[in-house]
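Q: Take this sequence and fold it.
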Amino acid sequence: ILFALLGGATAWYLNKDTDQSESMAQLKAERDFAVNPDEVYKIFIADRKGERTTLERKQGFWLYNGEWKARPNAMENLLNTIGSVQMKFKPPKAAVDGMIKDLATQGLKVELYNKKGEMIKTYYVGGATPDERGTYMMIEGAEEPYVTYLPNWEGNLRFRYNLKGDDWRDKTIFAYELEDIQSVSVEYPKQKNKSFIVEKEGNGYTIKPFYDITPPSTKPYKPGSAESFLIGFESLVAEAFKNEREEKDSIIQQIPFSIVTVTDVKGNSKEVKFHPLLVDNIVDSKTGAVFSPGEVERYFAEVSNGDFMMVQNRVFNKIFWAYDFFFN
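A: Purely as a prediction, here's the structure:
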C-alpha cells in the first residue's frame with residue numbers, strides 16, 4: 001500500500017512537472033514574435049479586403065509581387081520590425097475580446113518563409129493601443145493576443161506591414177555605375193542646339209549633337225566633363241508615383257522639356273520624358289500685381305516602362321546639361 005501511494009505521488013509529481021514545462025514552452029512560443037531577418041527569404045501579407053503582398057529576397061534586392069523592385073527603405077523598416085518586435089504586455093481580460101474582434105476584422109496576416117520555402121512563423125497584426133505606443137498582435141494557434149512594440153521606437157507597427165501598391169515599389173529612375181553606361185542622349189525638343197549624345201568609345205567618350213542640323217562644336221573638349229556628367233546617373237530617385245493622377249493622359253500629350261535615354265553596355269535602354277510641373281501665377285494680395293514663380297521645382301517623369309512619376313528639379317538638374325557644357 002505504501003509503495004503504491006509513493007508511486008502514485010511520484011507519477012503525479014512528474015506529470016505535473018511535465019505539464020508545467022509544456023505549458024511554459026507553449027506560453028513562450030505564443031509571446032515570441034521576433035524572427036531573425038537573415039533567415040527570411042519570403043514575406044506574404046494579406047488583409048481582409050483582399051489586398052495581397054508578396055516580397056521575395058533576390059540577390060541584392062527584394063522583389064515586390066514578382067514584378068517590381070521593392071523600395072529599400074520600406075524593406076529596411078519591415079525587416080527591422082520582423083527581427084526586433086517584442087511583447088510589451090499581456091492585456092487585461094476585459095480588453096481581450098475587443099482585441100480579438102479587431103484582429104478578426106482588420107488584422108493583417110503575415111507569413112514568413114525561409115530560403116527553402118518552409119514557413120517559419122505566421123502571425124496577425126491588428127490596430128494600435130489608444131496611445132499609439134503598442135500594436136495588437138497574435139501568433140497563429142495562440143490562445144490570446146498581446147500588445148507588442150519595437151524597443152527604442154514609439155508608434156504603430158501596423159504601418160510598416162500595411163503599405164499598398166506603389167508604396168512598396170522602388171522609386172529609383174536611374175541607377176547606373178559609370179562603367180555600365182554605353183551612351184546617354186539628352187534631347188530638348190524646344191532647344192535643339194542644346195541637345196547632345198555622350199557615347200563610350202574605347203577608353204574615352206565622344207560628345208556630338210543630337211540633331212544633324214546642329215553643327216559640331218569647334219571649341220576644345222573640357223577634360224573629364226563626360227565622366228562628371230555620367231556620374232550623375234548613379235542614383236536618381238523620384239519623389240512619388242503618380243500613376244493614378246487624373247491629368248496624366250493630357251500631360252503626356254504635351255511636348256516634354258527633355259527626353260533622356262540611357263543605354264547600358266548590354267544594350268538595354270531606358271527612356272524618360274520630363275514634363276515641367278507648372279505652378280500658377282502668384283498674385284500680390286496688396287497690389288494685385290501678377291508675377292510668375294521662379295524656376296521649375298518639379299517635373300512629371302514619363303518612364304518607358306509605363307510609370308508616371310514626380311521628380312524634384314534639385315535632384316535631377318545635374319543631368320540637364322547642354323551640349324556646350326562639355327567644351328571650354
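
Q: Surely residue 81 is in contact with residue 157?
A: Yes - checked against Cβ atoms under 8 Å, the pair residue 81 and residue 157 is within contact range at 5.6 Å. Bear in mind the C-beta positions are built from the backbone N, C-alpha and C, glycine included.

Q: So for the two, which residues contact both of them?
A: Counting by Cβ atoms under 8 Å, 6 or more residues apart in numbering, the residues touching both residue 81 and residue 157 are residue 150.

Q: what's the residue most central in space within the chain in contact with, if anything?
A: The central residue of the chain, meaning the one whose C-alpha is nearest the mean C-alpha position (Cα atoms, centre = their mean), is residue 71 at 1.9 Å. For residue 71, the contact set (Cβ under 8 Å, 6+ apart) comprises 167-171.

Q: go on, residue 117?
A: Residues touching residue 117, when contacts are defined by Cβ under 8 Å, 6+ apart, comprise 41-42.

Q: So which residues of the stretch 201-328 of the chain form strands?
A: 204-209, 236-237, 240-241, 258-264, 269-276, 282-283, 290-291, 298-303, 308-312 (DSSP state E, counting those that start in this stretch).

Q: How many residues are close by residue 110?
A: 23 (other Cβ atoms under 10 Å).

Q: Surely it forms part of a strand?
A: Yes - under DSSP: H, G, I helix; E, B strand; the rest coil, residue 110 sits within a strand.

Q: hang on, it packs against residue 120?
A: No - counting by Cβ under 8 Å, residue 110 stays clear of residue 120, with 10.7 Å between them.

Q: Please save the CA atoms from stretch 217-234 in CSV.
A: Written as CSV, here are the backbone C-alpha positions of stretch 217-234 (Å, rounded to 0.1, in the frame of the first residue of the first chain):
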residue,chain,number,x,y,z
SER,A,217,31.4,72.4,-81.6
THR,A,218,34.8,73.7,-82.6
LYS,A,219,35.8,74.6,-79.1
PRO,A,220,38.3,72.4,-77.1
TYR,A,221,36.7,69.5,-75.2
LYS,A,222,36.7,70.0,-71.4
PRO,A,223,38.7,67.0,-70.0
GLY,A,224,36.7,64.9,-67.6
SER,A,225,33.4,66.6,-68.4
ALA,A,226,31.8,63.4,-69.8
GLU,A,227,32.6,61.4,-66.7
SER,A,228,31.3,64.3,-64.5
PHE,A,229,28.0,64.2,-66.4
LEU,A,230,27.6,60.4,-66.4
ILE,A,231,28.3,60.1,-62.6
GLY,A,232,25.1,62.0,-62.1
PHE,A,233,23.2,58.8,-63.2
GLU,A,234,24.4,56.8,-60.2
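
Q: I'd like the average pLDDT over that stretch.
A: pLDDT averaged over stretch 217-234 equals 95, rounded to a whole number.

Q: Distance from the chain centre to that stretch, please.
A: When distances are taken as Cα atoms, centre = their mean, to the nearest Å, stretch 217-234 is centred 32 Å away from the chain's centroid.

Q: Buried residues in it, which are they?
A: Neighbour counts using 16 or more other Cβ atoms under 10 Å place 217, 225-226, 229-230, 232-233 of stretch 217-234 among the buried residues.

Q: For the closest residue to residue 134 other than its chain neighbours, give me its contacts.
A: Closest residue in space to residue 134, ignoring its immediate chain neighbours: residue 147 at 4.0 Å, by Cβ to Cβ, 6 or more residues apart in numbering. Each residue near residue 147 by Cβ under 8 Å, 6+ apart is listed here: 87-91, 129, 134-137.

Q: try residue 254
A: If a contact means Cβ under 8 Å, 6+ apart, then residue 254 has residue 275 as its contacts.

Q: Now it. Its backbone dihedrals?
A: Dihedral pair for residue 254: phi -80, psi 160, per degrees, to the nearest 10.

Q: now the helices: where do they sit in the stretch 51-200 of the chain?
A: Assignment of helices within the stretch 51-200 of the chain using DSSP state H, counting those that start in this stretch yields the ranges 72-84, 93-106, 158-161.

Q: Good, we can wrap up now.
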